[in-house]
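Peer 1: Everything below, folded, please.
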Amino acid sequence: MFTITTDDIDAVLQDFKIQKKCFAFSELQRYDYEKDAPTSREVRLIIKAELGCDHSLVIRFKNEEEAPLEVINAQSEFAVLLANCGIETPRVYSSEGQYARQYHINGYDVIATVEDFVNGELQAVDVETSEETGKLLAKMHNIAETADAHVQNDVLFDPLQRNDLFSFEEFAACKGKLIFVDEALYNNIVREHAKLLQRVKVFEKEPRYAVQGDLSNCNLYRKPDGEIGIFDFNRSGDNILYFDAVMQAIFVARLMDYPAELAGKQENLILSAFLKGYHQERPFTQEQMDVYPYLYALVSAFWLGDIKWDNRSLAEAVETNDLAAVQQWMQRIYERTSFLPSMPV
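Peer 2: Numbers count the residues shown, from 1 in each chain. Next up is the predicted model:
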């Protein structure tokens, strides 16, 4: 297992021209690669280093196949660009003109980045915060487009590629059982998926620009003056900005923590607030508003939680041979392909 000491941290601090020494540190996140692969040399460790005088740093140590040095450096460069253009982000430190540096520590090859630790991390999203977050994303998109900024990396929310919100492929992986239960209904779902995807593909040749890629509440913070900031560019990459806006909005409206008073109605309220906030800063075109219902239906119909990850998912019904549940899921998915809500802006 990858381990570090305060001496290791001090060596990193020296390279990044930070004169103070670390007197204590704590782990903020560790990904346990060895759990499934005991011989793995992959690393993801994020620590908080205490320097005294209320100054703390976040140091990220990584060795992951999909995150080479040039990608991590480009992600940090994008964060610095946003900061220089008025977006509230933690200060990112550099070493010899680069924001990421390679190390060999305790037998592991890792890449390290250093940034200031910030307080005020948001734990839940309410309507006001959602609207502010929509505005923040729009400002970030405007900066990326104006600067022609790019991070050559995959993102979580691209509807035309593998993404973390929905998957027709996971639905189709159950084809054998689905056809056994109701072949006509399965074929109808396949046809409706093709229609939805064709409508969404109208934007597939749009230029891609750098995006932060993960606007979860745990990556947002509020300063004492009320301004919202953003950190963690670990999922930053290039995306079509319209796709990023809509899918991030759905993500924020469905997968965050919310105040108790929003229970049962959070999606409509949060989604509407987010998109309205975005529209104020970066107005959606008529074509984008026209395509929104089809993108929403595509995401909703093949929502990965319902298809695979949640309890009582379609995949679980297939695995347990619960044919009645399979039929119910197919009917629900089919109905969702035809639910086409207007963009709430």
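Peer 1: Kindly state the pLDDT recorded for Ser40?
Peer 2: pLDDT recorded at Ser40 is 89.
Peer 1: actually Thr113, not the one I wrote
Peer 2: For Thr113, pLDDT reads 98.
Peer 1: helix or strand for it, which one?
Peer 2: Element membership for Thr113 (DSSP states H and E) is strand 108-116.
Peer 1: Gly277 too?
Peer 2: Using DSSP H and E, Gly277 maps to helix 266-281.
Peer 1: so what secondary structure elements neighbour that helix?
Peer 2: helix 127-147, helix 241-254 (3 or more Cβ pairs under 8 Å, 6 or more residues apart in numbering; DSSP states H and E). Where C-beta positions appear, they are placed from N, C-alpha and C, glycine not excepted.
Peer 1: Deepest-packed of those helices, please.
Peer 2: Neighbour counts (mean count of other Cβ atoms under 10 Å) averaged over each of the helices and strands packed on helix 266-281 peak at helix 241-254, with a mean of 24.
Peer 1: how many other residues sit next to Lys17?
Peer 2: 11 (other Cβ atoms under 10 Å).
Peer 1: Ile59 too?
Peer 2: Counted with other Cβ under 10 Å, Ile59 comes out at 24.
Peer 1: For it, give me phi and psi.
Peer 2: Main-chain torsions, Ile59, degrees, to the nearest 10: phi -120, psi 130.
Peer 1: Now for Ala172: which residues touch it?
Peer 2: Shown in contact with Ala172 (Cβ atoms under 8 Å, 6 or more residues apart in numbering): Val190.
Peer 1: Give me the next element, helix or strand, following the longest helix belonging to the chain.
Peer 2: Longest helix in the chain, counting residues (DSSP state H): helix 175-200. Next along the chain after helix 175-200, taking DSSP H and E as the criterion, comes strand 208-211.
Peer 1: can you give me how far the next helix or strand after that following strand is from the chain middle?
Peer 2: Counting by DSSP H and E, the element after strand 208-211 in chain order, helix or strand, is strand 220-222. Relative to its chain's centre, strand 220-222 lies at 15 Å (Cα atoms, centre = their mean, to the nearest Å).
Peer 1: Show the average pLDDT along strand 220-222.
Peer 2: Mean pLDDT, computed over strand 220-222, is 96.
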